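Participant: Whatever this is, show me its structure:
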Amino acid sequence: MQIAIIEIDHNQHLIAYNDSAKKLLGHQSLVLNQYFDYRAVFNFDNTVSIDKQDDTIIVLDSQHFLLQKVMASSKTIFILQSIDYLKKRLSKINVVSCHAFDIFATQSGVMQKLIAQAKVFSMQREPLLISGETGTGKDLLANACHQYSPRGDQTFLALNCAAMPDEVVESELYGHAAGAYPGAIESKKGFFEQANGGSVLLDGIDEMSFQMQTKLLRFINDGYFRRVGDDNEVYVDVRIICATKVDLADLVEQGKFRKDLYYRLNVLPLNLPSLQERKDDIALLTHIFVNEFANKQNITPPTVDDNAIGYLTGYSWPGNVRQLKNILYSALAQLKEPKLTVKDIMLPTSTSSQLSWVDNIENKTLDQMTKQFEKEILSKLYDQYPSSRKLAKRLGVSHTAIANKLREYGIGR
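Facilitator: Predicted coordinates for the structure are as follows:
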């Protein structure tokens, strides 16, 4: 069922309907030239008034539908479309590809550079490797790269590899034949077959076992694989996008990730900066999330006080963009006034013994954690000593050493 159409006259008598409407509602509800009680047929309750709005969401046979009402000179037309069908159609509209990256705030130079690079890389066939801290939006960037690519009108699927048993990962990606597992009565297509012609995101690729890494390498090299329990080879054309929150090169050195797979994946690398590195985007991100919240709640977006932006910009954001969104949503949910101010925003308090870097040390070496700690200290102190000479004097080290560190971590100018 794609679009069901029902027409009634001004006396509310049914005058026409199409085959999709007949399949959805059945013969008993659709009798020509008889009174059509649309409120009963569409399961309206007393709170729904379609006379005051052009469209609404209804539930029929446990499925959600968009119901639209069109008024003509001599009749009223009801149009029903499955929400699932609309989602699939919207994902295939070509115009989406042109604006795929518009969802990102790009006031900062580092984000402008990243998006320009992502647009170029999106057009290639080789795998994409997206890295970045937790909460930076790696899944959003992967989806945008797919939408912008020549494959944008094809399927995009994502699998989180973290902490999943090998047999689950293998079955999800490659599918299985009938009888491959107890209770597997029918064969099943995996993500790669389902997304043939499109893209597959492997999130948390660093968590994939050596056995699965070996199988993935073979697939990337020639596009062939076998379903679990099947002897026949299958060929598909899929673009692989991998995402990780750790440095895969370090895992290779530690013997925790295959070197050959790393070099096969690390052809087109994209690194999402932390929110600490793109603070120029915080103001725009704030307005985006405020408007997004208001749209979901169907309310007028509150204005944002300039002091609130400054307050948000001064925080270190260990949870990155996701943390910013969550804190703003919490504040907006409790907001009583038409303006968002500093007093409405509750930021986590930190102490000298608990810095934000502690929240992001998973799978990191001692050297990485030391650099992460050093970067945060320099970032915090640079606000008070905004030059390499002042900061060097404060820390009791040479100006050259501090200048090199600031340059390495992208702090200051």
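Participant: Low-confidence regions, this protein specifically.
Facilitator: 1, 45-54, 89-97, 350-363, 413 (pLDDT under 70).
Participant: contacting residues for the residue sitting nearest the centre point of it?
Facilitator: The chain has Leu140 as the residue nearest its centroid, 3.5 Å off, counting by C-alpha atoms, centre = their mean. Neighbour list for Leu140: Ile103, Phe104 [criterion: C-beta atoms under 8 Å, 6 or more residues apart in numbering]. In short, each C-beta sits where N, CA and C put it, glycine included.
Participant: tell me the SS of Lys87?
Facilitator: When classified by DSSP: H, G, I helix; E, B strand; the rest coil, Lys87 comes out as helix.
Participant: Thr56 too?
Facilitator: Once three-state DSSP is applied, Thr56 turns out strand.
Participant: didn't it look like it was pressed against Leu67?
Facilitator: Yes. The criterion here is C-beta atoms under 8 Å, and Thr56 meets it with Leu67 at 5.4 Å.
Participant: who has more neighbours, those two?
Facilitator: Neighbour count, other C-beta atoms under 10 Å: between Thr56 and Leu67, Leu67 has more, with 22 against 16.
Participant: measure the nearest residue to the more buried one once chain neighbours are set aside to Asp84 for me?
Facilitator: Distance criterion C-beta to C-beta, 6 or more residues apart in numbering; nearest residue to Leu67, sequence neighbours excluded, is Ile58 at 5.0 Å. Distance, Ile58 to Asp84, by C-beta to C-beta, to the nearest Å: 14 Å.
Participant: So between the two, which is more surrounded?
Facilitator: In this view Ile58 and Asp84 are compared by other C-beta under 10 Å, and Ile58 has more residues nearby, 16 against 11.
Participant: hey, what's that one bridged with?
Facilitator: When assigned by DSSP bridges, Ile58 has beta-bridge partners Phe65.
Participant: That one contacts Arg39, correct?
Facilitator: No. Counting by C-beta under 8 Å, Ile58 does not reach Arg39; the two are 10.6 Å apart.
Participant: This structure: strands as residue ranges?
Facilitator: Along the chain, counting by DSSP state E, strands occupy 3-9, 14-17, 55-60, 63-71, 75-82, 128-131, 156-160, 199-203, 224-226, 233-235, 239-244, 268-271, 303-304, 339-340.
Participant: Distance check, Gly396 against Pro165.
Facilitator: Taken as C-beta to C-beta, the span from Gly396 to Pro165 is 52 Å.
Participant: And these two? Which one has more around it.
Facilitator: More crowded of Gly396 and Pro165, by other C-beta under 10 Å: Pro165, with 9 against 6.
Participant: Find residues that contact each of Ile58 and Arg39.
Facilitator: Listed contacts common to Ile58 and Arg39 are nil; contacts here mean C-beta under 8 Å, 6+ apart.
Participant: residue contacts, the nearest residue to Thr341 once chain neighbours are set aside?
Facilitator: With sequence-adjacent residues excluded and distances taken as C-beta to C-beta, 6+ apart, Thr341 is closest to Asp305, at 4.5 Å. Taking C-beta under 8 Å, 6+ apart, we find Asp305 in contact with Lys339, Leu340, Thr341, Val342.
Participant: Just the buried residues out of those, in ChimeraX syntax.
Facilitator: Applying 16 or more other C-beta atoms under 10 Å to the contacts of Asp305, the buried members can be selected in ChimeraX as follows:
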select :340,341
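Participant: Just the closest of the contacts of Asp305 to Glu172, please.
Facilitator: Among those, Leu340 lies closest to Glu172 (C-beta to C-beta), at 41.8 Å.
Participant: bridging residues for that closest one?
Facilitator: Bridge pairing for Leu340 - DSSP bridges - gives Val304.
Participant: residues touching it, list them.
Facilitator: By C-beta under 8 Å, 6+ apart, Leu340 lies in contact with Val290, Pro302, Thr303, Val304, Asp305, Ala308, Ala331, Leu332.
Participant: Stretch 156-173: which residues count as buried?
Facilitator: Those would be Phe156, Leu157, Ala158, Leu159, Cys161, Met164, Val169, Glu170, Ser171, Glu172, Leu173, for stretch 156-173 by 16+ other C-beta under 10 Å.
Participant: Need the residues that contact stretch 271-289.
Facilitator: 105-111, 114, 130-133, 135-138, 141, 304, 308-309, 312-313, 316-317, 320-321, 323-325, 328-329, 376, 379, 410.
Participant: Which parts of the stretch 1-150 of the chain are helices?
Facilitator: 19-25, 38-41, 83-90, 95-98, 109-122, 138-148 (DSSP state H, counting those that start in this stretch).
Participant: Mind checking those for the one nearest to Asp206?
Facilitator: Among the helices of the stretch 1-150 of the chain, the nearest to Asp206 by C-beta to C-beta is helix 138-148 (12.0 Å).
Participant: now the closest one against helix 109-122, angle please.
Facilitator: Interaxial angle of helix 138-148 relative to helix 109-122 (axes from the mean of the first three to the mean of the last three C-alpha atoms, to 10 degrees): 50 degrees.
Participant: so how far is helix 138-148 from its chain's centroid?
Facilitator: Averaging C-alpha positions (C-alpha atoms, centre = their mean, to the nearest Å) puts helix 138-148 8 Å from its chain's average.
Participant: what's the angle from that helix to strand 156-160?
Facilitator: Angle of helix 138-148 versus strand 156-160, following the same axes, to 10 degrees, is 160 degrees.
Participant: Which residues are in contact with Ile240?
Facilitator: Ile240 neighbours (C-beta under 8 Å, 6+ apart): Pro127, Leu128, Ser199, Val200, Leu202, Leu216, Ile220, Leu265.
Participant: quick one: Lys339 and Tyr385, what's the gap?
Facilitator: When C-beta to C-beta is applied, the distance between Lys339 and Tyr385 equals 34 Å.
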